[in-house]
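Colleague: Okay, predicted coordinates and the sequence, questions at the end:
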Amino acid sequence: MRPRTLTAAIGTGALALGLGMAGAQDTGPRQATIDPLVAAATATHVASLANDNVIPPVETTAGGTAWLFLDAASHTLSWTVEYAGLTGPATAASFHGPAGAAANAPAVLGLGVQNPIQGSAQLTAEQAAQLDAGQWYISLSTGNNPEGEIRGQVLPVEADAAAAPADDAALMATLMADGQAVYSANCRVCHGGNGEGGNGPELAGYSLLANAQTVISQTINGGGYMPPFGYLDNHSIAAAATYIRNAWGNAFGIVTEAEVAALR
C-alpha cells in the first residue's frame, strides 16, 4: 500500500469524505457551494468512473462519481457528476448505451463538462428500462483521451445491500478492528480521532454515510478535491467504510468486500 496522508474535500452536497491527499487535481471549474441536483442520499442509481473501465484502458489517475435519480413514473432522469485528476480539461461527457461493462456503445445523451456536471432529461420507456438493467454508462473525455479517459457503468442502488449481513457479529468485529487501523493511519488527520471533523467533514452522525455505494465510490474514485483511492485493496476499503459507518454513534451496517469489488 502506498503511504498517503489525507486532505479535506469540498463537497457539493453529495458525499465528500475527504479521504485523500491532494495528488490528483481537479482540472475543471467548480463552485464549492453549489447544491447538488441529485444528492447521494436520494440517488436511485450510481456510477463509479475510472480509467480501468475504459475500453481499452488508459493511463490516468483520474476518477469520478455520478449520482442519478430516475423518476419511475415519468422516466425523468436527473444527475450530479463529480470528477477529479484528469490529464487535461474535460472536452465531453455523455451517457452511452445500450452496452454492458465489457463493450462500447454510441452516445445517447450529452452531459456537458462543468464540474460538477448537473442536468436532467426525459427518457423513453425503453431508455429507462436500459438504465435500470445496467446497460448505460457515462464516459468523460479529454484532449489526451478523446475516446474516453474515465468511464463508469450506471447501476441501480440496492438500499438493503449493506444491511443484509449486519447481524454477522464476527464479521462486524473484524471489519471494525481493521477499519479502525485504516482510519487511524489515513483518515484521522482531517476527520479527527472521533469523527469530529476538522479540515474534512464531521463523520459522527453524518446521514449521507447511509448510502454504502456512495461511500465505496467516493473512496475508490475520489470526488471534488479528493483523489481516487482505488489502490487500496477491497478489504481495506470495506473495513474503513464499515468503521466510519458504525463508529461514534453511527449505525449503518457492514460494507463487504464483494460490494467494493462490484464498484471497481
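Modeller: Yep, that arrived.

Colleague: Give the phi and psi angles for the spatially most central residue of the chain, as a check.
Modeller: Nearest residue to the geometric centre of the chain (CA atoms, centre = their mean): Ser217, 2.8 Å. Here is the backbone geometry of Ser217 (degrees, to the nearest 10): phi -60, psi -40.

Colleague: Surely it touches Val81?
Modeller: No: here Ser217 does not reach Val81: they are 11.4 Å apart, not a contact under CB atoms under 8 Å. The C-beta positions use only the backbone N, C-alpha and C, and glycine is treated the same way.

Colleague: can you list residues touching both of these two?
Modeller: Ala47, Thr65 (CB atoms under 8 Å, 6 or more residues apart in numbering).

Colleague: after the strand or helix carrying Gly152 comes which helix or strand?
Modeller: If you go by DSSP states H and E, Gly152 is part of strand 150-153. Proceeding N to C from strand 150-153, the next assigned helix or strand is strand 155-156, under DSSP H and E.

Colleague: quick one: the residue nearest to the centre of the chain and His191, what's the gap?
Modeller: 18 Å (CB to CB, to the nearest Å).

Colleague: where does the stretch 51-200 of the chain have low pLDDT?
Modeller: Counting by pLDDT under 70, the stretch 51-200 of the chain has low-confidence residues at 158-167, 199.

Colleague: need the strands for it, in chain order.
Modeller: 63-70, 76-84, 90-96, 107-110, 117-122, 137-142, 150-153, 155-156 (DSSP state E, counting those that start in this stretch).

Colleague: what does the strand holding Gly152 rub up against?
Modeller: Strand 150-153 has contacts (CB under 8 Å, 6+ apart) with 47-51, 53-55, 60, 62-66, 83, 86, 100-101, 134, 136-140, 221.

Colleague: 7 Å - rerun?
Modeller: Applying CB atoms under 7 Å, 6 or more residues apart in numbering, the contact partners of strand 150-153 are 47-51, 53-54, 62-64, 66, 83, 101, 134, 137-140.

Colleague: Next, the buried residues of it.
Modeller: For strand 150-153, a neighbour-count test (16 or more other CB atoms under 10 Å) marks Ile150, Arg151, Gly152, Gln153 as buried.

Colleague: again with stretch 141-159
Modeller: 141-142, 145, 148-157.

Colleague: Tell me where the stretch 101-250 of the chain has helices.
Modeller: Counting by DSSP state H, counting those that start in this stretch, the stretch 101-250 of the chain has helices at residues 125-132, 169-186, 188-191, 212-221, 234-246.

Colleague: what bridges to Leu68?
Modeller: Beta-bridge partners of Leu68, counted by DSSP bridges, are His45, Trp79.

Colleague: okay but it is in contact with Leu77, surely?
Modeller: Yes: Leu68 is within contact range of Leu77, at 6.3 Å (criterion: CB atoms under 7 Å).
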